[in-house]
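*Asks:* I'd like to go over a predicted model; first the sequence, then the structure.
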There are 2 protein chains.
Amino acid sequence: MAAPRERPGPRSAPSLRGLPGTDRAAEFGRWKAQCLGRADLSRKGRVDEGAAGLVQLLNGREQYFTTSSCAGRIVLLDGGINGFEVQKQNCCWLLVTHKPCVKDDVIAALKKANGDAILKFEPLVLHVQCRQLQDAQILHSVAIDSGFRNSGITVGKRGKTMLAVRSTHGLEVPLSHKGKLMVTEEYIDFLLKIANQKMEENKKRIERFYNCLQHALEKETITNSHAKEKIKDKNNSSYTHKKKRNPEAACGKCITEENAKECENDDDPGMSVTIFPEDY
Amino acid sequence: MAAPRERPGPRSAPSLRGLPGTDRAAEFGRWKAQCLGRADLSRKGRVDEGAAGLVQLLNGREQYFTTSSCAGRIVLLDGGINGFEVQKQNCCWLLVTHKPCVKDDVIAALKKANGDAILKFEPLVLHVQCRQLQDAQILHSVAIDSGFRNSGITVGKRGKTMLAVRSTHGLEVPLSHKGKLMVTEEYIDFLLKIANQKMEENKKRIERFYNCLQHALEKETITNSHAKEKIKDKNNSSYTHKKKRNPEAACGKCITEENAKECENDDDPGMSVTIFPEDY
């Protein structure tokens, strides 16, 4: 689930720093065309069905493009025999599914394990390159409000701005040691019910993200076109009274009862807290 | 482990946007003094021993202050009986430890469970408020290079810039259902060995982070003082030849064999990848 590290060399990675707005936009557009025109480098060679709507929505907007995505999945890995640190290079993928999973599939896959097998549920991960920081901020705000609370922005040395969309919502369970199963079949059944429920919840969050994003981008478009009109009006030296807008409303706050209820550390006995001086 | 949401009201949260550099720095300094002067709002009321060095290093620099921290811990939660989504408000903390944990402690704590108990290992989480984006970028780069690969920047609507330091390095294992233990004592013993190893690895990453940060901040100080000297020299209309510096080296790249080996998705069959056009 790590960010891919394809590096086609410095020629295709000019610095965005210090470029004027229009040049930066043109440079970003060139990157985008170049990146989306290339082959999908994943083994599967295409975007997961569960993330396709979101990816399409983002790539349809001039200020974004996705560089990697995984809709969410249940995986069974056969790790090294020291188990504690899964090295993806040294481990074997016994099972990968983006759909709900039944006990028999896992039991069958576990027969091939000869190291320390681990069952994981991994929620949506999405990497989105953004034209400028403000575009990343809007997307970040929507992601957080939709339940992807471990999302964060990366700003590269040369000004490349990425948003990684991540959830807190995982599962990582060691199942066998040196090829020996450490749990019962009844436990695997119980575990898969939880993993499948997490997958269902992940799907809901993706839908919420899609809807909130659509809403935020529409508001953003309206705000931008109003701003352009104002500039036009100013340039024409005529003033038209416009309805006052709240710019903060453009961030598409779609807080539902579901995510408002989510875990906070108000009651968290292990977290040292000084203060957060401002809502962000 | 969520970001705390203390909101002392808009009076203490003036906008940093559009402020000139010196005003922004002064405003940031006032926030910092105010925040660090307040009581620690966590139950424990103090910073975890394992994170104290890092917190002290950051708070000793004018461009940073920490707003919350957890050094890493093993927790046993008694969740609701639907298990799949732990709501911290509705769950009971059966055990919290920042030190390695033995089977008997967990077995004893599990006796109090009457819902769905879950054992988790949670690595370091640190929230750091940064004076400006560039300060967050340096800290982010050091965090990633030290193994905290899920770290990310948040930029608020009013310009508040935070870095959340997070690791990919967790464990989340359901142990009981409606009060009934679903695994053997032998499994709990096996699981705790893995959790304790992860705690040890987390400690190493914190040490690596501390060392890399110290190194990066020293380089940053030298770079800044050279830049100031250059301005001074320019203002005095005299030119002194200075040794050429590589500004990119200031980011304190401390890539060790350990984290260079870490999991990448080169071999990841579930991740759709288009491209990352630039190293970041």
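*Replies:* Structure's in. What do you need?

*Asks:* pull up the gap between the residue of the stretch 151-280 of chain A found nearest chain B and A:T161, please.
*Replies:* Scanning the stretch 151-280 of chain A for the residue nearest chain B gives A:G152, at 1.1 Å (criterion: Cβ to the nearest Cβ). Glycine gets a C-beta too; all of them are placed from N, C-alpha and C. A:G152 sits 12 Å away from A:T161, going by Cβ to Cβ, to the nearest Å.

*Asks:* ditto for A:I206
*Replies:* Distance, A:I206 to A:T161, by Cβ to Cβ: 23 Å.

*Asks:* got it, and A:G147?
*Replies:* For A:G147 relative to A:T161 (Cβ to Cβ), the value is 23 Å.

*Asks:* ditto for A:T223
*Replies:* Distance of A:T223 to A:T161, computed by Cβ to Cβ: 20 Å.

*Asks:* which one's more surrounded, the two?
*Replies:* Between A:T223 and A:T161, A:T161 has the larger neighbour count (other Cβ atoms under 10 Å in any protein chain shown), namely 22 against 15.

*Asks:* pull the contacting residues for the more buried one.
*Replies:* Contact analysis of A:T161 by Cβ atoms under 8 Å, 6 or more residues apart in numbering or on different chains lists A:Q129, A:C130, A:R131, A:Q132, A:L133, A:D135, A:A136, A:I153, A:T154, A:V155.

*Asks:* for the residue of the stretch 151-280 of chain A closest to chain B, what are phi and psi?
*Replies:* Per-residue torsions, A:G152: phi -160, psi 160 (degrees, to the nearest 10).

*Asks:* how about A:K120?
*Replies:* A:K120 adopts backbone torsions of phi -130, psi 140, taken as degrees, to the nearest 10.

*Asks:* burial of it, as a residue count?
*Replies:* When neighbours are counted by other Cβ under 10 Å, A:K120 registers 18.

*Asks:* identify the bridge partners of it.
*Replies:* A:V75, A:E172 (DSSP bridges).

*Asks:* return the distance of it relative to A:L94.
*Replies:* In this structure, A:K120 and A:L94 are 11 Å apart, going by Cβ to Cβ.

*Asks:* report the set of residues contacting both of those two.
*Replies:* Common contact partners of A:K120 and A:L94 (Cβ under 8 Å, 6+ apart): A:L76, A:L77.

*Asks:* most neighbours of all the contacts of A:T161, which one?
*Replies:* That'd be A:Q129 among these, by other Cβ under 10 Å, with 27 neighbours.

*Asks:* that one should be in a strand, yeah?
*Replies:* Yes: A:Q129: assigned to a strand according to DSSP: H, G, I helix; E, B strand; the rest coil.

*Asks:* what's the pLDDT at it?
*Replies:* A:Q129 is assigned 98 on the pLDDT scale.

*Asks:* for chain A, which spans come out with low pLDDT?
*Replies:* A:1-15, A:18, A:43, A:80-90, A:228, A:231-280 (pLDDT under 70).

*Asks:* please, where are all the helices along it?
*Replies:* Using DSSP state H, the helices of chain A run over A:21-37, A:49-59, A:103-110, A:133-145, A:185-235, A:257-260.

*Asks:* any chance of CSV for these, columns distance to B:P100?
*Replies:* Shown next, in CSV, are the helices of chain A (distance: least, Cβ to Cβ, whole Å):
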stretch, distance to B:P100
helix A:21-37, 45
helix A:49-59, 39
helix A:103-110, 29
helix A:133-145, 34
helix A:185-235, 25
helix A:257-260, 35
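
*Asks:* which of those sits most buried?
*Replies:* Greatest average neighbour count among the helices of chain A goes to helix A:133-145 (a mean of 22), per mean count of other Cβ atoms under 10 Å in any protein chain shown.

*Asks:* and that one, anywhere near chain B?
*Replies:* Yes: using Cβ under 8 Å from any Cβ of the partner chain, we find that helix A:133-145 touches chain B at A:L133, A:A136, A:Q137, A:H140.

*Asks:* out of these, which one sits closest to chain B?
*Replies:* A:Q137 (5.4 Å).

*Asks:* ok, that closest one touching B:K160?
*Replies:* No: counting by Cβ atoms under 8 Å, A:Q137 sits too far from B:K160 to count as a contact (11.2 Å).

*Asks:* quick check: the farthest pair among the contacts of A:T161?
*Replies:* Farthest apart among the contacts of A:T161 by Cβ to Cβ are A:R131 and A:T154. That separation is 14.6 Å.

*Asks:* who does the residue positioned nearest the centre of chain A bridge with?
*Replies:* Taking Cα atoms, centre = their mean as the criterion, A:V165 is the residue nearest the geometric centre of chain A, at 2.4 Å. Beta-bridge partners for A:V165, by DSSP bridges, are A:L126.

*Asks:* ok, it - contacts?
*Replies:* A:L124, A:V125, A:L126, A:H127, A:V128, A:L139, A:A143, A:F148, A:S151, A:F209.

*Asks:* check contacts around the fifth one.
*Replies:* Yep, that's A:V128 we're talking about. A:L58, A:Y64, A:F65, A:T66, A:T67, A:A136, A:L139, A:M162, A:L163, A:V165.

*Asks:* quick one: the third one and A:K160, what's the gap?
*Replies:* Taking Cβ to Cβ as the measure, A:F65 falls 12 Å from A:K160.

*Asks:* which of these two has more residues huddled nearby?
*Replies:* More crowded of A:F65 and A:K160, by other Cβ under 10 Å: A:F65, with 26 against 21.

*Asks:* partners of the more buried one in the sheet?
*Replies:* A:Q129.

*Asks:* again, but for the one 4 residues further on
*Replies:* Beta-bridge partners of A:S69, counted by DSSP bridges, are A:L126, B:S272.

*Asks:* tell me how many other residues crowd it.
*Replies:* Counted with other Cβ under 10 Å, A:S69 comes out at 26.

*Asks:* go on, the one 10 residues further on?
*Replies:* For A:G79, the tally of surrounding residues (other Cβ under 10 Å) stands at 21.

*Asks:* pretty sure it is touching A:L94, no?
*Replies:* No: taking contacts as Cβ under 8 Å, A:G79 lies outside contact range of A:L94: 10.3 Å.

*Asks:* now list whatever residues contact both of these two.
*Replies:* Applying Cβ under 8 Å, 6+ apart, one finds that A:G79 and A:L94 are jointly contacted by A:A117.

*Asks:* returning to that earlier point: overlap of the contact sets of A:F65 and A:K160?
*Replies:* In the contact map built from Cβ under 8 Å, 6+ apart, the residues linked to both A:F65 and A:K160 are A:Q129.

*Asks:* that older thread, tabulate the contacts of A:T161 in a markdown table, adding columns for distance to A:R30.
*Replies:* Compiled in a markdown table, these are given as follows (distance: Cβ to Cβ, whole Å):
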| residue | distance to A:R30 |
| --- | --- |
| A:Q129 | 12 |
| A:C130 | 15 |
| A:R131 | 12 |
| A:Q132 | 15 |
| A:L133 | 19 |
| A:D135 | 17 |
| A:A136 | 19 |
| A:I153 | 22 |
| A:T154 | 21 |
| A:V155 | 20 |
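
*Asks:* identify, from the residues you listed, the entry nearest to A:K219.
*Replies:* Nearest to A:K219 among the contacts of A:T161: A:D135, at 13.7 Å, using Cβ to Cβ.

*Asks:* which ones are touching the closest one?
*Replies:* Neighbours of A:D135 in contact, by Cβ under 8 Å, 6+ apart: A:Q63, A:Y64, A:T161.

*Asks:* can you get me a residue count around A:K178?
*Replies:* A:K178 has 11 nearby residues by other Cβ under 10 Å.
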